[in-house]
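*Asks:* Here is a sequence with its predicted model. Questions after.
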Amino acid sequence: MTNQIYSVPDKDQTLAFDKLSILKKKIKDTHLNDLFAKAPSRFKDFSVEYDQVVFDFSKQRIDLDTFKNLIDFAHEQNLNSWIKKLFSTEQINYTEHRAAMHWALRLPKSSSKFSEINPSVQTQLERMYALVEKIHAGQFRGATGEVIQDVVNIGVGGSDLGPLMVTHALSDFKVKTAKPLDVHFVSTMDGSQLSELLHQLRPETTLFIISSKSFGTIDTLSNAQTVRQWLEKALGYNEKILQNHFIGVSTKPEKMTEWGIAVDKQLLLWDWVGGRYSLWSCIGLPIALMVGVEGFKQLLAGAYAVDQHFQSAPFHQNIPVLMGLLGAWNNNFLDIQTHAVLPYDGRLKYFAAYLQQLEMESNGKSIQRNGEKVSFSTCPIVWGEVGPNAQHAFYQLLHQGTHSVSCDFIAPVRRYNANQFTYVESADALVEQHHLALSNCLAQSRLLAFGNQALAADELEDLPAYKQYEGNQPSSTILLKELNPYSLGMLIAMYEHKVFVQSVLWNINPFDQWGVEKGKEIANQLLPILNREQEDLSAFDTSTQGLLKILLGKTDG
Amino acid sequence: MKIAVFGNTLYAGVMSALLSESGHFVYWCSDIQKQENDLQYAFHDENVSQLLTKQLQSGFLNYCASQDIPLDTDTYLFSFNQTQEAQVFQLLHDLKQRPIIHPKLMINASTFGLQATERFKKILSEDDWIYLPDTIQEGNALQSLTQAKQLIVGCTQANVQTKVKELLRPFFPLAQQYLFMPILDAEFTKLSISGMLATRISYINDLAVVAEKLGIDIASVRQGMAADNRIGSAYLAPGAGFGGENFSHDILTLSNTVTNTGVKSQLLAQVWDINEQQKEILFRKLWNYYHGDLDGKSVAIWGASFKENTSSIQQSPIHQMLTALWAQGVTVYLHDPQALEEIQMMYGQREDLILCDDQYNSVKHVDALCVLTAWKQYWSPDFRRLQQLMQHPLILDGRNIYDPQYVKSQGFAYMGVGR
């Protein structure tokens, strides 16, 4: 990695970057044990509290010198002016000529800023809230007049992962509805989830959300077509089915109308919302169905709080900036190529999957904004799992394998404290289980960081090599006061902005996804062959030809 | 005997009237928190009211504040609504403070669920406690008590049974008219009776849905079933669901009791769900008729009380109907001979609810007429007048009180329940 690759206007260019390159040699030979021994105030120096979140990065492999230079590095990369560009209508997604204004979705209704967008955002949210209230009141009805009791979200990528993750994470905040209401998710194009789900549902009482930013995603439309036939088979072919069993969420009203979604059931979003940043828009309808209108507003308010923090906090106390810088430090200087996300809360089961899209689809790029190829690594491999379960799966590799891995530990301080009807009967026993999870969370980050040092002295005597722990695996710990709509909104926005910070450090555009678009096109070349509409295989490579022949042979039976 | 009756239920009213009519001195305290000797009761039954007025004049019946009940009263009867349990405990503690010579005959006639009489007995433990189930039928109050074949009494002590028989001798002179059993058994019996009746209604309603799909008239099926003397015709009319505060509460109490014993039984929950579904049935028929496009339409509803001859709207299907219609943007024109005041109290002034004192006024320019309660005055309407007044001649008969052939021949679209 050389300093020329960064486009920096400052005159004493990339001083910090050079210094970091030198500092890394020192740090690489220093164990976290030594860093802690040298600085008793490490936790105080390297942790930030903001609103409902504590971000502790004291177990990262940095010292005060590194820390200062990382901050300088951010300044050198003009992060300040990039943040201002993000929070403007400027088309920073230059390959698609679009702004990236997902933050505008969380502006308070009363905000006087961005008066050209905010009213239309609020209008769509209000329309969504009205639908939610109607469904919750048990007054949204299917074709036969029966009350809707199951809602199936059909979408993929951003129209699936975000709502799925949040809905699951906030399951304790499920609101009571007039009639029982369940929300389901269907994404895969092969119909696996649909085939499992449909036979459990009643057509009369099932509502489908067709969620697709472009309303052209084949995965979603093929699933939508299947459920339409399922409804028509049971309820007859008529207008009432389209009118009463489908809600569409898209940027393309004309395409929704063409498909048959009734105009009053069309919820709109805008080109300036990236799919993976869209859960704050009407794409989040399944979330609002779970946690209610007030809960959804809390989610937005949490994210808005982080938007404010990101724009105003000095870098050394700015959580998304610190997350981004530390990620780059581990990735580009300490050569740690993978990053594990480990929530100690089963409700965050889909958080890692969600972050995989957010981080890897955003920063999995290798062409800089100036058109040149990068000569350094960009987004690390992001992976993870609910911590306590992962302890029985891949933690062995973290503790004693040959890879360096950085980790984010995430845990709520309190749980089972709200008398919520879903758990109140067993609250006492569940609180103890939560304490068990918390103690595991702390124990694991200790062992990863300090290795043998974390063990008791008498244990260490005569310990065979295969029982030794090297330690020195860096991690951050994010504590939420509790996992609620507000704090989850904060957590997600923190990662969104972290991704943006890194894109600035790496000088890439995090808001396009051309690698994904191409794959869709190539599938279109192959479909006619499998449907036997076209027979000439000569255009394909020999491997694909071989596979196609088997597939075609098999379908011959 | 001197008898104190506490509570403002229909049962309290009937017992006060009947007991005083046969020569007992009855002191009725309808509201135990009031200091004056006047009356406030929560039922509307003309026959009972008339009898009460008569008894008051005769001098055998006195309205009485709690503190004015004579100390030498022999029998205390407690008949309260389910929501008033705390008040009863307060009353019992008050009575305990008074210099009454125990034991007295204490009759619990309130349905507070199982073990309720036992809980009362813990406070006034020296007295003789019995349980009399309130099986009174609203709309047919006096007869339903006096003409019962057998009276269920929760009481096993022979000396107390003698007191009970003396108290009720004017209505139940014969020994075989008393069915004595332990108190808990009697409490459970009371709930089980309500459960059985509800089950019959939900059963016929469930069949009605099927009959409709198969083109069968449920009215024929019902008559056929009723002709079988093992079944009979009571509580077998399909319609827009059962209601009533006490009845509904019994079903829920019984259903919870079953659940809490850990027994896996879903029958009562289903009975309840079917009934809740049924309360909306006219709405669904309307929805289907207009293909889900109800916004801006007007609908007349005849009947708000949960059944005829009462002004009670507790658990009546009117609530589901109003909520559902309003959610679709429908304006409702509502008529009921007695219950409009209660509706007004509950819903207040709204643009989409117009209360009509005349049943024909309510149907002007409406797109449909829903009959929800089988008040006698709805049975033979002036169809020609309806035809002229209504915007669209559609009649939804939630109680199957009309002859479908005749109504159709008068130029109406007609839909009943299960036909």
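*Replies:* Yep, that arrived. Residues are numbered from 1 along each chain as shown, chains lettered A, B, ... in the order given.
*Asks:* quick one: contacts for residue B:328?
*Replies:* A:139, B:287, B:294-295 (Cβ atoms under 8 Å, 6 or more residues apart in numbering or on different chains). Just so you know, the C-beta spots here come from the backbone N, C-alpha and C atoms, and that holds for glycine as well.
*Asks:* Kindly recompute the last result at 7 Å.
*Replies:* B:294-295 (Cβ atoms under 7 Å, 6 or more residues apart in numbering or on different chains).
*Asks:* And it, how close does it get to residue A:205?
*Replies:* From residue B:328 across to residue A:205, the span is 17 Å (Cβ to Cβ, to the nearest Å).
*Asks:* go on, residue A:226?
*Replies:* To residue A:205, residue A:226 is 18 Å away according to Cβ to Cβ.
*Asks:* Likewise for residue B:240?
*Replies:* 20 Å.
*Asks:* repeat for residue B:331
*Replies:* Per Cβ to Cβ, residue B:331 is found 27 Å from residue A:205.
*Asks:* Apart from its neighbours in sequence, what residue is nearest the residue nearest in space to the middle of chain B?
*Replies:* Nearest to the geometric centre of chain B sits residue B:244, at 3.9 Å (Cα atoms, centre = their mean). With Cβ to Cβ, 6 or more residues apart in numbering or on different chains as the criterion, residue B:244 has its nearest non-adjacent residue at 4.9 Å, and that residue is residue B:306.
*Asks:* Let me know the helix or strand that the nearest residue to residue A:438 once chain neighbours are set aside is in.
*Replies:* Nearest residue to residue A:438 in three dimensions, chain neighbours excluded: residue A:411, at 5.9 Å (Cβ to Cβ, 6+ apart). Using DSSP states H and E, residue A:411 maps to strand A:405-414.
*Asks:* Identify each buried residue in that strand, please.
*Replies:* A:405-412 (16 or more other Cβ atoms under 10 Å in any protein chain shown).
*Asks:* Residues in a beta bridge with residue A:56, which ones?
*Replies:* residue A:47, residue A:477 (DSSP bridges).
*Asks:* That one and chain B, how far apart?
*Replies:* Taking Cβ to the nearest Cβ, to the nearest Å as the measure, residue A:56 falls 47 Å from chain B.
*Asks:* thinking that residue is in contact with residue A:49, fair?
*Replies:* No - if you go by Cβ atoms under 7 Å, residue A:56 and residue A:49 don't touch, sitting 9.3 Å apart.
*Asks:* if you count what's nearby, which of the two comes out ahead?
*Replies:* Between residue A:56 and residue A:49, residue A:56 has the larger neighbour count (other Cβ atoms under 10 Å in any protein chain shown), namely 19 against 12.
*Asks:* Show me chain B divided up by domain.
*Replies:* By the assignment in automatic domain parsing, chain B contains the domains B:2-181, B:182-278, B:280-419.
*Asks:* Make JSON lines out of those domains and add mean pLDDT.
*Replies:* Shown next, in JSON lines, are the domains of chain B (pLDDT from 0 to 100):
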{"stretch": "domain B:2-181", "mean pLDDT": "91"}
{"stretch": "domain B:182-278", "mean pLDDT": "91"}
{"stretch": "domain B:280-419", "mean pLDDT": "96"}
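*Asks:* Quick check: residues of the stretch 1-150 of chain A near chain B?
*Replies:* With Cβ under 7 Å from any Cβ of the partner chain as the criterion, the stretch 1-150 of chain A meets chain B at residues A:134, A:137, A:139, A:141, A:143-146.
*Asks:* Filter those down to the ones in strands?
*Replies:* Per DSSP state E, strands hold no members of the residues of the stretch 1-150 of chain A next to chain B.
*Asks:* So among those residues, which ones count as buried?
*Replies:* Buried members of the residues of the stretch 1-150 of chain A next to chain B, counted by 16+ other Cβ under 10 Å: A:139, A:141, A:143-146.
*Asks:* quick one, helices of the stretch 51-200 of chain A?
*Replies:* A:64-76, A:79-86, A:118-136, A:161-169, A:192-198 (DSSP state H, counting those that start in this stretch).
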